[in-house]
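Enquirer: What follows is a predicted structure for the sequence shown.
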Amino acid sequence: MKILNKCFGRLLVIGLALLAVGCAGTPQATVKMDKNLISDDTEVGIVTLLPSKATTHIYGAGCLLCYGVASGLTATLDTHLESTISTDELEQIKAIVVEKYTSLTSKTTVVDAIDIDKLKSFSGGLGFAKKDFRPLKEELGKDVLVVLQIDAHGAHRLFSSYFPQSDPKGYIAGLLYSVDLNTNAYLQYKVIDEKVQPDGDWDEPPAFPAVTTSYYQAAEDVKRDVKLHLE
């Protein structure tokens, strides 16, 4: 009986530990904009973090050899994306964000890029930023910081080891969120993860018209979703 109790106790501890890990790993849900939290006296800063170039983003090629083979298979498409796709569409997404916040408060300005990774961690849980943005209140002279963070744009292609599992899709991914610099709480939070399947045969080098079109469609979809999210 003592052994059974001891085993049960260990299983209970393990179960609680796994539950805690599961809770800790719960992703942040979408936080819809509450316009009542921003008045015309609110000082808002907007920072945009954009990638330097478009490329094919490879997922599922888990080992170095697999990734090398996958990169070889996407090399021609990469060359096309890097040479023809600018950040113009991303700048248009930024313009939408600036316009929406400016309509809420005239004290909205674009601020210089911030190295968010250098901020200290914050353990407020869901509804709060994982980094401590509060020191930026005095540094920037702002009440709210809006972050448009685009982590990837170009194409998305899924692999299993070095075997392609999907066609390259038009792709834009990142985050759009705003942080109350007094409390570190999210006032608004949205994951951007848009993939568009090319229409017809995608493998048409060197211009890859189907993939290119799918990228611009992904950009239009993101613009639409950002507008709706900030309404």
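Expert: Good, I have the coordinates.

Enquirer: Check the closest residue to residue 49 other than its chain neighbours and give its pLDDT.
Expert: In space, and not counting its chain neighbours, residue 49 is closest to residue 149: 4.5 Å by Cβ to Cβ, 6 or more residues apart in numbering. All C-beta spots, glycine's among them, are computed from the backbone N, C-alpha and C. Listed pLDDT for residue 149 reads 97.

Enquirer: likewise residue 231?
Expert: At residue 231, pLDDT is 88.

Enquirer: Name the helix or strand for the closest residue to it other than its chain neighbours, please.
Expert: Once flanking residues are discounted, residue 231 sits nearest to residue 33: 7.4 Å by Cβ to Cβ, 6+ apart. If you go by DSSP states H and E, residue 33 is not part of any helix or strand.

Enquirer: returning to what we had before: check for me that the residue nearest to residue 49 belongs to a strand.
Expert: Yes - secondary structure of residue 149 (DSSP: H, G, I helix; E, B strand; the rest coil): part of a strand.

Enquirer: ok, it - how many residues close by?
Expert: Neighbours of residue 149 under the rule other Cβ atoms under 10 Å: 16.

Enquirer: which residues does it form a beta bridge with?
Expert: residue 49, residue 175 (DSSP bridges).

Enquirer: residue contacts, the nearest residue to residue 69 once chain neighbours are set aside?
Expert: Nearest residue to residue 69, sequence neighbours excluded (Cβ to Cβ, 6+ apart): residue 162, at 3.7 Å. Contacts of residue 162 were listed using Cβ atoms under 8 Å, 6 or more residues apart in numbering, and they are 61, 65, 66, 69, 70, 73.

Enquirer: Next step: those residues restricted to helices.
Expert: Among these, the ones falling in helices (DSSP state H) are 65, 66, 69, 70, 73.

Enquirer: can I get these in CSV with pLDDT and neighbour count?
Expert: Output for the ones in helices among the contacts of residue 162, formatted as CSV (pLDDT from 0 to 100; neighbours: other Cβ atoms under 10 Å):
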residue, pLDDT, neighbour count
65, 92, 11
66, 92, 17
69, 93, 15
70, 93, 22
73, 93, 18
